[in-house]
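Student: structure for the following, please:
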Amino acid sequence: MLFSRSGNLAIDLGNTNTLLRDQHHLLLSEPSVLIVDEDSHRIEAVGEQAYAMLEKTHHHLKPIRPLRGGVISDGESAKQMMRALVRKASRPSLLRGFQFLISGVPYDTTPVEKRALRDILDQFSARHTHLVHEPLAAALGMGLNIQEPEGKLVVDIGGGITEVVVISLSGVAAFQSVRVAGDTLDEEIQDYFRREHHLAIGLKTAEQLKIELGCVYEPIASSTIGRLVKGKDLREGIPSTRWVNEAEISRVLDRPFRQIESCIHQSLEACPPELAGDLYRTGMFVTGGHARLKGLAERFHKLFQIPVHVDPQALLSVSKGIAHILNRPAAFRSVLM
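Tutor: Residues are numbered from 1 along each chain as shown. Okay, here's the model as predicted:
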């Protein structure tokens, strides 16, 4: 698919997935990973192809995830990955320049972390290059009016960070974040299998378990829905399998979700009283790639006693919001950095 003639590009650079789109179409959605040959320093694979090779490479090929905790941890690798992904999604003429280039960035980032992202964007010649805070973009992507004074509570559960913001008048009135998100859930599942089943499993297997059996509200978790998990027996050192069900995975995910709930509590405590009254009416809007976990709406509603709205296209909300800004950049000048 080609970019529109205006040559605008929206970037959602995430821990788990990177999404590229213009004002109208999703152009690319692929894993944020690349494989590099350590001898020649050449990129062997990026995106979907690299993810298929993850945890299966030999010692000459190095898998790299350039983001950690929602921010760039390896600037040079992130720059190479982004260049390769943009090349996959665009026609060659547009690589020489864009009109508007806008990327999302977590609200909880330091100036140094923002500078690292700008360095990546600067490799593409663009007449206007901007950053926008991801919770604001996600709210726009969910169809919320962020410019009105009515408060809106947005919970963005991504791959590396969970951000909780109360939005009013195109700004953030209250904010909390915690570095507990999708990556933490995967690691928690891995640790559980090592500890309880004496089975070593890969991160890809843990991620697949989270997608297939992930439930965060134990009363609705099934003890009959499950699957066999393949890994390496830590006592015998041989391939082995274990059976695991949805209720078991639900108990594993409980601890990290308690940390997310504590983050939401802190944000609500910092919220001004008038905006808190708005939230009682409007409720909570949950987005991000892990908003789709089974039982999330029921769990949050029971604890916070307010309506919970889960974005049906949670993975796309930030990129959709940035595309909305691309359509009317002058109208959203106040949220652009």
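Student: rest of the way, CA atoms for contacts and neighbours
Tutor: Will do.
Student: apart from its neighbours in sequence, what residue is nearest the residue positioned nearest the centre of the chain?
Tutor: Residue closest to the mean C-alpha point of the chain, counted by CA atoms, centre = their mean, is residue 158 at 3.1 Å. Distance criterion CA to CA, 6 or more residues apart in numbering; nearest residue to residue 158, sequence neighbours excluded, is residue 288 at 4.8 Å.
Student: before we move on, the earlier item: for the residue nearest to the centre of the chain, give me its contacts.
Tutor: Applying CA atoms under 8 Å, 6 or more residues apart in numbering to residue 158 gives the contacts 14, 15, 70, 181, 182, 288, 289, 290.
Student: same thing but at 6 Å, please
Tutor: 181, 288, 289 (CA atoms under 6 Å, 6 or more residues apart in numbering).
Student: pLDDT wise, what is the first one at?
Tutor: On the pLDDT scale, residue 181 is placed at 91.
Student: any idea how far residue 156 is from it?
Tutor: Residue 181 sits 9 Å away from residue 156, going by CA to CA, to the nearest Å.
Student: same deal with residue 243?
Tutor: For residue 243, the distance to residue 156 (CA to CA) stands at 32 Å.
Student: more neighbours: those two, which one.
Tutor: residue 156 (28 against 10; other CA atoms under 10 Å).
Student: for that one, helix, strand, or coil?
Tutor: strand (DSSP: H, G, I helix; E, B strand; the rest coil).
Student: quick one: it and residue 289 touch, right?
Tutor: No. When contacts are counted by CA atoms under 6 Å, residue 156 is not listed as touching residue 289 (8.4 Å).
Student: rewinding a little: number of nearby residues for the residue nearest to residue 158?
Tutor: Per other CA under 10 Å, the neighbour tally for residue 288 reads 27.
Student: next: residue 228.
Tutor: Neighbour count of residue 228, defined by other CA under 10 Å: 12.
Student: show me the contacts for it.
Tutor: Residue 228 makes contact with 242, 243, according to CA under 6 Å, 6+ apart.
Student: how about it, secondary structure?
Tutor: strand.
Student: does it have beta-bridge partners, and which?
Tutor: For residue 228, the beta-bridge partners under DSSP bridges are residue 243.
Student: ok, it to residue 201 distance?
Tutor: Distance from residue 228 to residue 201, counting by CA to CA: 12 Å.
Student: residue 174 now?
Tutor: Taking CA to CA as the measure, residue 174 falls 39 Å from residue 201.
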